[in-house]
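Participant: please work out how this folds:
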Amino acid sequence: MAISHDRVVLFKPQGSMDLQGGMTFSQQMLEVTPQPQQLWVIDLSAVDFMDSSGLVPLINGLTSARESGCRLVLCNVQAPVRLILELTQLDSVFEIFDTYEDIFTNTNDRNLAIA
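Facilitator: A predicted model of the protein is given here:
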């Protein structure tokens, strides 16, 4: 599911980010055309499992966002998913926030509105 509020696009994948879940999430992300200066937020609060197949849409999304001048961040990352990000050292590649609200209180871009 993707929710767009002008400059903020919120993705909320659910369940397992395995091969099937990753493919579903990839399709959802492809349906949104990145615009310069947008903020893409991937809220992982409802994702309880992720394997290497689930990392693919995150990496592809980050690449697409950067190429389009967007910023992509992760929030509400559950412990099992955070472990995968740490083991693959992707926790140093992605901006990760504890909560959705933290994205806006810890950002330098004061033009972003809370969605």
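Participant: make it CA atoms for all contacts and neighbour counts henceforth
Facilitator: Will do.
Participant: quick one: residues contacting the nearest residue to residue 103 once chain neighbours are set aside.
Facilitator: Closest residue to residue 103 apart from its sequence neighbours, by CA to CA, 6 or more residues apart in numbering: residue 97 at 6.2 Å. By CA atoms under 8 Å, 6 or more residues apart in numbering, residue 97 lies in contact with 73-77, 103.
Participant: one more: residue 25?
Facilitator: 13, 57.
Participant: mind naming the longest helix for the protein?
Facilitator: helix 52-67 (DSSP state H).
Participant: avg pLDDT for it?
Facilitator: Taken as a whole, helix 52-67 has a mean pLDDT of 94.
Participant: again, but for stretch 76-96
Facilitator: Mean pLDDT, computed over stretch 76-96, is 96.
Participant: roughly how far does the nearest residue in space to residue 7 that is not next to it in sequence sit from residue 66?
Facilitator: Take residue 7 and drop its neighbours on the chain: the residue closest to it by CA to CA, 6+ apart is residue 38, 4.5 Å away. With the distance defined as CA to CA, to the nearest Å, residue 38 ends up 10 Å from residue 66.
Participant: those two - which one has more neighbours?
Facilitator: Between residue 38 and residue 66, counting by other CA atoms under 10 Å, residue 38 is the more crowded of the two (20 against 14).
Participant: just confirm residue 49 is within a strand.
Facilitator: Yes: the assignment for residue 49 (DSSP: H, G, I helix; E, B strand; the rest coil) places it in a strand.
Participant: thought residue 14 was touching it, still the case?
Facilitator: No: counting by CA atoms under 8 Å, residue 49 stays clear of residue 14, with 9.5 Å between them.
Participant: okay, now residue 17: neighbour count?
Facilitator: 25.
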